[in-house]
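Colleague: Following is a predicted model, sequence given first.
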Amino acid sequence: MSLRPELERLLAKFGQDTQRIEDSVLIGCSKQHEAWFALDLGLNSSSSLNASLQKAEMEIELKGSFTDLRKALFQLNTKDASLLTTAQALLRWHDAHQFCSRSGQPTKKNVAGSKRVCPSSKIIYYPQAPTRISIPSSQMAPVVITLVSDGTRCLLARQSSFPKGMYSALAGFCDIGESLEEAVRREVAEEVGLELERLKYSASQHWSFPNSSLMIACHASVKPGQTEIQVNLKELEAAGWFSHDEVATALRRNNPYTQQQNGTFWLPPKLAIAHQLIKEWVEKPSCSTLPA
Ligand SMILES: NC(=O)C1=CN([C@@H]2O[C@H](COP(=O)(O)OP(=O)(O)OC[C@H]3O[C@@H](n4cnc5c(N)ncnc54)[C@H](O)[C@@H]3O)[C@@H](O)[C@H]2O)C=CC1
Ligand SMILES: [Mg+2]
């Protein structure tokens, strides 16, 4: 059931522009895949745009009462508390990034609220860090990188931007409001459609490309028999399961940059944490099946 008409009625009743609904941000979805959005009613805001909503009248209308966030968090179950903190963090980020720091022009939110773009400078601002490939950022973004194993094989993937023939572990930026474990599970589900069974932290690394990231590396396993992948071609060029022998042989190749042969795949260089994850798995393929 869509709550949009109800929200429009409410905003109209309080003399607000119903266009304000467009400021909503996506914070999750139900088991039935209904999208959940959050909207800042601006009751505590000092800005002239939002200040006109009356808290007491709104409480009467909604038959509830507004509670301090910190107190509310102790009363809610984990799922609702997580939705609330995600909403608060994301809405606060949008509020603080209304203008481009380069051009001074207003930035524009996408529908989901996962980024803002400056139409003038073309800079894309992400809640994780204000980055765009060509614009260096001083802020650090957390990124999870996961080597998935089915007990005998490991899953490697490549993006079209990777050097020819190179395959790596699955990686992705953490979303605001997520734990590392949630980010790992979401990224793997999004990129190859697999549900993870166990996770085990391995190590972390600062990574400078495209901008400062803190790479958090994990091993993960899937249930035997649940290994069919669906490659998300919007994010990856290819992905597949590789045997222990194939990966061990690729690791032994000294200098992949000079040894590219037709059909030969190779792995990220030693410096990359992906290399370390893959090496750990080759030395101990069972490392991903330990309890997290
Ligand atoms: N050190 C290592 O061993 C490795 C490092 N990496 C790094 O992991 C990072 C994340 O991997 P991807 O698969 O590209 O991420 P991803 O799977 O999250 O997809 C990238 C998309 O995420 C969005 N995004 C969200 N926040 C972003 C931000 N702060 N900056 C840029 N894009 C953002 C953009 O829409 C972008 O197109 C890459 O930057 C890559 O350099 C990846 C593999 C190995
Ligand atoms: Mg990725």
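Modeller: That came in fine, so what should we check first? Numbering: from 1, shown residues only. Ligands and ions are numbered 1, 2, ... in the order given.
Colleague: mind listing what residue 214 touches?
Modeller: Applying C-beta atoms under 8 Å, 6 or more residues apart in numbering, we find residue 214 in contact with 140, 141, 142, 143, 204, 205, 206, 207. To be clear about C-beta, it is placed using only N, CA and C from the backbone, and glycine gets the same treatment.
Colleague: same question, residue 85
Modeller: 73, 177.
Colleague: hey, which helix is longest across the protein?
Modeller: Longest helix in the chain, counting residues (DSSP state H): helix 78-96.
Colleague: Checking residue 240 next. Helix, strand or coil?
Modeller: Of the three states, residue 240 takes strand under DSSP: H, G, I helix; E, B strand; the rest coil.
Colleague: Looking at the contacts of residue 214, which is nearest residue 128?
Modeller: Using C-beta to C-beta, residue 141 comes nearest to residue 128 of the contacts of residue 214, at 4.1 Å.
Colleague: gap between the residue nearest to residue 59 when sequence neighbours are not counted and ligand 1?
Modeller: Closest residue to residue 59 apart from its sequence neighbours, by C-beta to C-beta, 6 or more residues apart in numbering: residue 65 at 5.2 Å. According to C-beta to the nearest ligand atom, to the nearest Å, residue 65 stands 36 Å off from ligand 1.
Colleague: Just the element for residue 65, please.
Modeller: Assigned by DSSP states H and E, residue 65 belongs to neither a helix nor a strand.
Colleague: circling back to that earlier point, beyond the longest helix of the chain, next helix or strand please.
Modeller: strand 108-109.
Colleague: Name the residues that touch the helix or strand where residue 56 lies?
Modeller: In this structure, residue 56 sits in helix 55-62 according to DSSP H and E. Helix 55-62 is contacted from outside by 10, 13, 14, 41, 43, 65, 66, using C-beta under 8 Å, 6+ apart.
Colleague: so residue 202 sits in a strand?
Modeller: Yes. Checked against three-state DSSP, residue 202 lies within a strand.
Colleague: my guess is it meets residue 275, correct?
Modeller: No. Residue 202 lies out of contact with residue 275 (C-beta atoms under 8 Å); the separation is 11.8 Å.
Colleague: Helices of this protein, start to end?
Modeller: In the chain, the helices defined using DSSP H lie at 4-13, 55-62, 69-75, 78-96, 180-192, 244-252, 273-283.
Colleague: Export only the CA atoms of the third one, formatted as CSV.
Modeller: What follows is helix 69-75, C-alpha atoms only, in CSV (Å, rounded to 0.1, in the frame of the first residue of the first chain):
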residue,chain,number,x,y,z
LEU,A,69,16.0,9.8,18.8
ARG,A,70,18.4,8.4,21.4
LYS,A,71,15.5,7.4,23.7
ALA,A,72,13.5,6.0,20.8
LEU,A,73,16.4,3.7,19.8
PHE,A,74,16.3,1.9,23.1
GLN,A,75,12.6,1.2,22.7
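Colleague: Which strands or helices does that helix pack on?
Modeller: helix 78-96 (3 or more C-beta pairs under 8 Å, 6 or more residues apart in numbering; DSSP states H and E).
Colleague: residues in the stretch 151-292 of the chain within reach of ligand 1, list them.
Modeller: 168, 171-173, 187, 205, 207, 209-210, 213, 215, 235, 268, 272-274 (C-beta under 6 Å from any ligand atom).
Colleague: just for this protein, where's the confidence low?
Modeller: 1, 43-53, 129-138, 254-263, 288-292 (pLDDT under 70).
Colleague: tell me the domain ranges of it?
Modeller: If you go by automatic domain parsing, the domain ranges for the chain are 21-135, 141-289.
Colleague: any idea which of the ones you listed is most buried?
Modeller: Ranked by average neighbour count under the criterion mean count of other C-beta atoms under 10 Å, the domains of the chain are headed by domain 141-289 at a mean of 17.
Colleague: That one and ligand 2, are they touching?
Modeller: Yes. Against ligand 2, domain 141-289 shows contacts by C-beta under 5 Å from the ion at 171, 172.
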